[in-house]
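Enquirer: model this:
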Amino acid sequence: MKFNANKFRQRRIAILCANASSLRSQGPSGMINNTQKFLVGVGLQKFQGLDAEGFNLKLDNLTRQLMKQFPATARKNWGAARKVLNLFLRDALYDQHLCEQYHLHEIEPHLELPLDGNVTKELRKRDKNGELPRRFKIKALTSNTSKRYQDFANKVANRGKYPCPRVHLDLLFWRREKQ
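Expert: Numbers count the residues shown, from 1 in each chain. Just a heads-up that it's a prediction; the model follows:
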């Protein structure tokens, strides 16, 4: 049997993305392990050649599938499922080998910004017109609220000092040092 390094890369990314930090207070015991197993099985090749609409349909479908893998008391936590999937896809994009193998650069413009309290706080700092909700909780995140944040993230990403796809904004926001 031939060694498939990409299988192990995907497993590593799944473990790093679905962890005690990213899923803190999102569900009971077993949620992290179930999520990691699900991410290991995501067929990255199915993202090849997708346009924005196809990507969004695929992401929505995976979000629903992942929610079904959560322990019963967490199965309505759309926000946790979406956050972890967005982290996973972003990190797969950042892995040179997976990106090349599955042509993930093609979906880079469609990838969502992984949302959490810190990211949404940074987005709200830039929200001069009150477009975004004042409070944010992953457990309360819905598809509609997420879309509002993602649309606003697009605006921020395109007008900033460093124009980029929105998925990369957390590189600018993460542990931002006071200037």
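Enquirer: mind listing what's buried in the helix or strand of the chain with the lowest mean pLDDT?
Expert: The helix or strand of the chain with the poorest confidence is helix 169-173; it has a mean of 88 (mean pLDDT, DSSP states H and E). Residues of helix 169-173 classed as buried by neighbour count (16 or more other C-beta atoms under 10 Å): Leu169, Asp170, Phe173. (Each C-beta comes from the backbone N, C-alpha and C, glycine too.)
Enquirer: May I have it exported as CSV, CA atoms only?
Expert: Output of helix 169-173 as CSV, limited to C-alpha atoms (Å, rounded to 0.1, in the frame of the first residue of the first chain):
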residue,chain,number,x,y,z
LEU,A,169,-8.8,38.8,7.8
ASP,A,170,-8.2,36.8,11.0
LEU,A,171,-4.5,36.9,10.2
LEU,A,172,-4.7,40.6,10.5
PHE,A,173,-7.1,40.4,13.6
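Enquirer: how far is that helix from where the chain is centred?
Expert: What separates the centre of helix 169-173 from the centre of its chain is 13 Å, taken as C-alpha atoms, centre = their mean, to the nearest Å.
Enquirer: can you list the domain ranges for the protein.
Expert: 5-110, 117-173 (automatic domain parsing).
Enquirer: Most tightly packed of those domains?
Expert: Among the domains of the chain, ranked by average contacts under mean count of other C-beta atoms under 10 Å, first place goes to domain 5-110 (a mean of 17).
Enquirer: now it: mean pLDDT?
Expert: Averaging pLDDT along domain 5-110 gives 95.
Enquirer: picking up where we left off before, summarise which helices and strands the least confident helix or strand of the chain is packed against.
Expert: Secondary-structure packing of helix 169-173 (3 or more C-beta pairs under 8 Å, 6 or more residues apart in numbering; DSSP states H and E): helix 117-125, helix 143-159.
Enquirer: want to throw the ones you listed into TSV with mean pLDDT and distance to Leu85?
Expert: Shown next, in TSV, are the helices and strands packed on helix 169-173 (pLDDT from 0 to 100; distance: least, C-beta to C-beta, whole Å):
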stretch	mean pLDDT	distance to Leu85
helix 117-125	94	15
helix 143-159	95	11
